[in-house]
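[1] okay, sequence plus prediction incoming.
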There are 2 protein chains.
Amino acid sequence: MISLRKLLLGRRLANRESGERKMGAFEGIPAMGLDGLGSSAYGPEAALTVLAVLGAASLSYISWVMVPILVLLAILFASYWQTIRAYPSNGGAYTVARENLGTNAGLLAAAALMIDYVLNVAVGISAGVGALVSAVPALHEHILPICLGILAFVTVMNLRGTLDAGRVFAVPTYLFVASFGAILAIGLFRAVMSGGHPQPVIPPPPLPQASQAVGLWLLLRAFASGCTAMTGVEAVSNGMSAFKEPTVRHGHRTLTGIVVILATLLAGIAYLAHVYGIGAMDQTQPTYRSVLSQLASAVVGQGIFYYVAIASLLAVLALSANTSFVDFPRLCRMVAADGFLPKPFAVAGQRLVFSIGIAYLAVAAGLLLVVFGGITEHLIPLFAIGAFLTFTLSQGGMVVHWLRQLREPMDAAHRRQTRLHLLVNALGAVTTGVALVVIILAKFTEGAWITVLVIPAVIALLRAIRGYYLRLELTVHDPTPLSLEGLSSPIVLVAIDEWNHLADRAITFALTLSPHVIGIHLAELAGPDETYNGKLQQRWERNVAVPARAGGFTPPELVILEAQYRAIHEPVLQLARDLELRHPEKTVAVLVPELVKQRWYQRLLHTHRARRLRQALLKHGGTRLTVISFPWYLHAEDRQLPVVPQEAT
Amino acid sequence: MISLRKLLLGRRLANRESGERKMGAFEGIPAMGLDGLGSSAYGPEAALTVLAVLGAASLSYISWVMVPILVLLAILFASYWQTIRAYPSNGGAYTVARENLGTNAGLLAAAALMIDYVLNVAVGISAGVGALVSAVPALHEHILPICLGILAFVTVMNLRGTLDAGRVFAVPTYLFVASFGAILAIGLFRAVMSGGHPQPVIPPPPLPQASQAVGLWLLLRAFASGCTAMTGVEAVSNGMSAFKEPTVRHGHRTLTGIVVILATLLAGIAYLAHVYGIGAMDQTQPTYRSVLSQLASAVVGQGIFYYVAIASLLAVLALSANTSFVDFPRLCRMVAADGFLPKPFAVAGQRLVFSIGIAYLAVAAGLLLVVFGGITEHLIPLFAIGAFLTFTLSQGGMVVHWLRQLREPMDAAHRRQTRLHLLVNALGAVTTGVALVVIILAKFTEGAWITVLVIPAVIALLRAIRGYYLRLELTVHDPTPLSLEGLSSPIVLVAIDEWNHLADRAITFALTLSPHVIGIHLAELAGPDETYNGKLQQRWERNVAVPARAGGFTPPELVILEAQYRAIHEPVLQLARDLELRHPEKTVAVLVPELVKQRWYQRLLHTHRARRLRQALLKHGGTRLTVISFPWYLHAEDRQLPVVPQEAT
């Protein structure tokens, strides 16, 4: 078990190693950019799908949609550049909104982000697998197992740690960037050389007849769909704590890398789709081919290069889930540190990642995949809302941040610069806010209403958790010092099965704690046929009472209890309650000798009475009853002084 | 959870109720006789299947096979009548063989019985379901789920207790006896009235041509197959402890009831098969109909009576598994009491049955059903060996029992009677021994070799378990009285998270145990970002050290430990080891304040550090380290004196 864990996850890491586990921009782009880069595969296609009703004219309008998206991307880039500098440790929407807009805005951002991260895992993996099975139809029956297999792989890689995940995922990421960069460059070169009318190697299918005239609402819907291309841009600001020092420089480099690659891909795809005459096809038809697939075969044909490019695209789509795995646990950790999520989310696991967050994300995404059978279409409309809500909240928070700074005294140059920052973030807040409204309106009936309903539910849950911790804190709060008057040693009950080494050592130990020791033996535990035969009483007299009297101790009494229901704890609790009533100044401690199970087969061979007694006494005993576990090891070598296990490095 | 268990199993039962839970002959025949009575459905058919190669002549030879079987049954009846009287508390083959023939023979009997009980469950259920699906072919696809459903039903009924199971199963059992009794009576009446040549209502299919002449080996093989009709006769002697007082009379009545019904059925079936010309058909053919089905439709036609009779037969076959559920846990309990099986097998559960034995039987039979897909044919040859091996061992044991008695002085009448007993059991031992040899030879290559191999493996396992308990006993054996010289109070380490009520009460309690108290606080538990801020040290000085000094106590020290690997127990173990080396005369106790989780959601909201620390310290701490669990309840009402839960009756 332990060795399997080690094989999967690697050796455990010490706190002092955390510095070495941080990453730079080279690992940052795959670790945080897969979501953003993967969007280039479905963003332009989503816009073209809406425009498809225009027929061949759709290609003339792609720039009407793509130019605003690129402008918005540039605004986002400038905004997040500023956010990273202003919040170099963790500039996620939760922190920014909470600090500047208040707790409610912070929770709104947190809920939106959490939902989006879960959706991103499910959508990314199922989109990748969907593309894979349209390339290899034989795999069509196994969509769900393949989805879950990829999910398990990504989960294990992330449990190993962000650095390892970034390194492993670098290969497909940079392969994708290189191959589609080359395709776009070749296509662009041919287009320029041919005066804007290049000859496709493999011509794309002809575009359908126009069924509708162009209108503002159509263009807005196309824009809303195309905006999915921008999801993932916020990842860098959320994941700042994963960077090594200087974090701001590494964050800026990573952000720049991701945005430049994404913008290049989006612009290139839009331009080449226009000049090569490539439109979106109906995905429900068996002849369907994606825009990127048409584009690649138009530029380079369907040779080995085509397959390498498509394979890297599939890998990037499937692994775009990884961005969520980097950011979701970090977000949960911050929310948990503020008391809005259970404390275990804030505890680093063996590999210095927040394993509980990773596990929750994997389970939630796995459930989504199982419920939807790995089919993406129904999930997509739920998807971009969270991203744009957090964009808006984050930018809005930055606006307040700069406004607050402007209230401080500062020199004119600095004030001018801060006003510029304010302007950039205000522009970002307004544009993403408008885009958010457009997206909600355009997609509301298609499923966006689900997200709109789930977000307040998540916020209510977060608030309930916080309330629980506040009440807990009030209950255990103790401003007063120790009060040591009238302390009296407890009555120690020692559970005795029969007279043996365990009993001997347990009673000896009990006598070091208190002069008031009582041995308790339970009869009829195994059932009606096991009756008490009185032998123990004789041995007790000879082995305990006599030497205790000789040593000047009060001789411990032996009490025989009957367990009518074979439930070991009930008669013990009854006795403890009687003693507590008779001695109100004393507490009662029950000493339970326990055989420590060191071999797996011992678990099958023993009755677990000691463990069950301890659990039941703790659960039902009240605060005046303490349980003392007294260990016993069957194997002589384990009875020596313990050697603290040290990890080999 | 608890209420579901109560719904399924009923309220838990006290030891003193065990007398009221015992049964008489009316419940005894269904509870212990289903196996034996169900055998009448496949025993004669198995013999006729072997004889089928003789064609129409097979009917003339059925009496050659059935008469010896009936004689053997009579001998077994007389033998077990004596065994029940000689061993009125539990006269199973294990006890009889162990007491008279030695431990090895006892273990051989136990292993054979255990294997046979598991096989009986799997065979009974799958045979019943097999008959059901040949009546209702639409269910053919669902054989395995139906098998497992019946297994679950029988298991739950038996977890409720033997008495309940006997009562519920009485309806199908007595319905089966009544309906086939009526069929046999009608058939016999018509046969006698027609001078041995009755006219069938629905004629059975004609018998095939003879393909072989009769021979001794063929008759022996038919006898060996027919002997499966006798499996289950030993059940009463094995289950004696389930009877109410006077156990011998109830046991004798139950045994008589089962054997008389079984013998009547066997003789009637053989005779009517002969006069109506009914032979066994090939079960692999779709036209297959069982002997009992042919017989019933020949005598009464295929009206409502036919369907009632066949339905009760199906129920009896499927529920014949129940006999194993009555006897297997009782056998395991005896073997466990002798130390050859793990102790939990000897502990009565909430409903006064040996739940662990029932659970193991259900799991083992379920695995067999799943592995064999619910198909009986491969299991049958493994089956009768165990039964006849235990017959022989049991009778052999009784022979030794009487021989020993004859060595005592006794009067002539008693001596004569004892000699008669000896003769009966000797006859039983020899005849069942011969039958066992015939069965092994006739079925060896068909699968009997598996049983022959598995029995010694089971014996080896039983001996290994006994060896473990013997070593354990030697290790904990302690003939010496307490030695109380140089006792010294332990060093108590108190795990402190922060200064609160828990810490306050825990340190107060620690000071009642020992003057030597050390507070320990672990830093960096949550990860590299959680550093110790020194606040606790100030509070410690103010809230602990000052009042302790004022009260005349040695002020407890506060030690801050670093948990580099976030594993809470390692620095604590390290400290304990250092303390043990510095103070070789002292033991170390770690006091762990623990929030008792009383609501399900608390399990999600807390880190379980206390529980994990306790487990790790017990596992790795050595015998000089004790763990004291100090409970804390969040809900004020639970902090009062505990009320011991009392079961409503």
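    Cool, the structure landed. Just so we're clear, the structure is a prediction, and the values are computed from it rather than from any experiment.
[2] residue contacts, residue A:180?
    By CB atoms under 8 Å, 6 or more residues apart in numbering or on different chains, the contact set of residue A:180 is A:265, A:292, A:296, A:309, A:312, A:313. C-beta coordinates here come from the backbone N, C-alpha and C atoms, glycine included.
[3] how about residues contacting the helix or strand the third one falls within?
    Looking back up the chat, that one is residue A:296. Assigned by DSSP states H and E, residue A:296 belongs to helix A:291-300. With contacts defined as CB under 8 Å, 6+ apart, helix A:291-300 is touched by A:41, A:44-45, A:48, A:180, A:183, A:186-187, A:190, A:200-205, A:269, A:272-273, A:276, A:278-281, A:306, A:309-310, A:313.
[4] how far off centre is that helix?
    Distance, stretch centre to chain centre, for helix A:291-300: 36 Å (CA atoms, centre = their mean, to the nearest Å).
[5] go on, stretch A:382-392?
    18 Å.
[6] over to stretch A:436-448?
    The answer for stretch A:436-448 is 27 Å, by CA atoms, centre = their mean.
[7] if you count neighbours, what's buried in that stretch?
    By neighbour count on 16 or more other CB atoms under 10 Å in any protein chain shown, the buried set for stretch A:436-448 is A:436, A:438, A:439, A:440, A:442, A:443, A:447, A:448.
[8] how close does the last one sit to chain B?
    The gap separating residue A:448 from chain B is 30 Å, by CB to the nearest CB, to the nearest Å.
[9] repeat for the fourth one
    Separation of residue A:440 from chain B (CB to the nearest CB): 32 Å.
[10] give me every residue that touches that residue.
    Residue A:440 sits in contact with A:385, A:448, A:452, where contact means CB under 8 Å, 6+ apart.
[11] where do the strands sit along the stretch 301-450 of chain A?
    Using DSSP state E, counting those that start in this stretch, the stretch 301-450 of chain A contains no strands.
[12] for chain A, that is, sorry about that
    A:491-495, A:517-523, A:557-562, A:588-596, A:625-633 (DSSP state E).
[13] which of those strands sits most buried?
    The highest mean neighbour count among the strands of chain A, using mean count of other CB atoms under 10 Å in any protein chain shown, belongs to strand A:491-495: a mean of 26.
[14] for residue A:239, give me the pLDDT.
    Residue A:239 carries a pLDDT value of 80.
[15] and it, how many neighbours does it have?
    24 (other CB atoms under 10 Å in any protein chain shown).
[16] do the one 3 residues further on as well
    Under the neighbour criterion other CB under 10 Å, residue A:242 is assigned a count of 27.
[17] ok, it - contacts?
    Applying CB under 8 Å, 6+ apart, the residues contacting residue A:242 are A:22, A:23, A:28, A:31, A:32, A:162, A:326, A:330.
[18] now swap in residue A:402 and tell me
    Residues in contact with residue A:402 (CB under 8 Å, 6+ apart) are A:418, A:419, A:421, A:422, A:425.
[19] selecting buried members of those residues in ChimeraX, what would you type?
    The buried residues among the contacts of residue A:402 can be selected in ChimeraX (16+ other CB under 10 Å) with this line:
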select /A:418,421,422,425
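[20] okay if I get the contacts of residue A:402 as CSV plus pLDDT?
    Converted to CSV, the contacts of residue A:402 look like this (pLDDT from 0 to 100):
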residue, pLDDT
A:418, 91
A:419, 92
A:421, 91
A:422, 92
A:425, 91
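[21] what's the spacing between residue A:476 and chain B?
    Counting by CB to the nearest CB, the gap from residue A:476 to chain B is 4 Å.
[22] cool, and residue A:184?
    42 Å.
[23] what about the closest residue to that residue other than its chain neighbours, how many residues nearby?
    Leaving aside its chain neighbours, residue A:184 sits nearest to residue A:268 (3.7 Å; criterion: CB to CB, 6 or more residues apart in numbering or on different chains). Residue A:268 is flanked by 20 other residues according to other CB under 10 Å.
[24] residue A:268 is in contact with residue A:187, isn't it?
    Yes: between residue A:268 and residue A:187 there is a contact under CB atoms under 8 Å: 7.4 Å.
[25] just to revisit the earlier point, how about the strands of chain A, which one is nearest chain B?
    strand A:625-633 (4.6 Å; CB to the nearest CB).
[26] got the contact list for residue A:262?
    Residue A:262 neighbours (CB under 8 Å, 6+ apart): A:33, A:36, A:37, A:39, A:40, A:73, A:229, A:233.
[27] can you flag the buried ones in those residues?
    The neighbour-count test (16+ other CB under 10 Å) marks A:33, A:36, A:37, A:39, A:40, A:73, A:229, A:233 as buried among the contacts of residue A:262.
[28] next up, the contacts around the last one.
    To tie it back to what came earlier, the one meant is residue A:233. A:36, A:73, A:76, A:77, A:80, A:258, A:259, A:262.
[29] pLDDT value on the nearest residue to residue A:427 once chain neighbours are set aside, please?
    Of all residues not flanking residue A:427 in the chain, residue A:75 sits nearest, at 5.5 Å (CB to CB, 6+ apart). Note on residue A:75: pLDDT of 90.
[30] just give me the neighbour total for residue A:75.
    20.
[31] is it true that residue A:59 touches residue A:274?
    Yes: contact criterion CB under 8 Å: residue A:59 and residue A:274 qualify, at 4.9 Å.
[32] returning to that earlier point: can you redo the contacts of residue A:180 as a markdown table with neighbour count, pLDDT and distance to residue B:395?
    Output for those, formatted as a markdown table (neighbours: other CB atoms under 10 Å in any protein chain shown; pLDDT from 0 to 100; distance: CB to CB, whole Å):
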| residue | neighbour count | pLDDT | distance to residue B:395 |
| --- | --- | --- | --- |
| A:265 | 24 | 93 | 88 |
| A:292 | 23 | 87 | 83 |
| A:296 | 27 | 89 | 85 |
| A:309 | 24 | 88 | 82 |
| A:312 | 20 | 88 | 78 |
| A:313 | 27 | 86 | 78 |
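[33] buried subset of the contacts of helix A:291-300 as a ChimeraX selection?
    Provided next is the ChimeraX selection string for whichever of these are buried by 16+ other CB under 10 Å:
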select /A:41,44,45,48,180,183,186,187,190,200,201,204,269,272,273,276,278,279,280,281,306,309,310,313
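[34] how much space between residue A:603 and residue A:498?
    21 Å (CB to CB, to the nearest Å).
[35] revised request: answer the last question for residue A:105.
    From residue A:105 to residue A:498 the distance is 66 Å (CB to CB).
[36] quick revisit: closest one of the contacts of residue A:180 to chain B?
    Nearest member of the contacts of residue A:180 to chain B, counting by CB to the nearest CB, is residue A:312, at 34.8 Å.
[37] now do the contacts for the closest one.
    Applying CB under 8 Å, 6+ apart, the residues near residue A:312 are A:172, A:175, A:176, A:179, A:180.
[38] change it to 7 Å
    Counting by CB atoms under 7 Å, 6 or more residues apart in numbering or on different chains, residue A:312 touches A:172, A:175, A:176, A:179.
[39] closest to residue B:254 out of those residues?
    Using CB to CB, residue A:172 is the member of the contacts of residue A:312 that lies nearest residue B:254, at 73.4 Å.
[40] tell me the confidence at the closest one?
    88.
[41] any idea how far chain B is from the residue nearest to it when sequence neighbours are not counted?
    The shortest distance from residue A:172 to any non-neighbouring residue, by CB to CB, 6+ apart, is to residue A:315 (3.5 Å). Distance of residue A:315 to chain B, given as CB to the nearest CB: 31 Å.
[42] in this structure residue A:315 contacts residue A:173, no?
    No: using CB atoms under 7 Å, residue A:315 is not in contact with residue A:173; the gap is 8.2 Å.
[43] tell me, what's touching the two both at once?
    With CB under 7 Å, 6+ apart, residue A:315 and residue A:173 have no common neighbours.
[44] what about those two, which has more around it?
    Neighbour count, other CB under 10 Å: between residue A:315 and residue A:173, residue A:173 has more, with 24 against 21.
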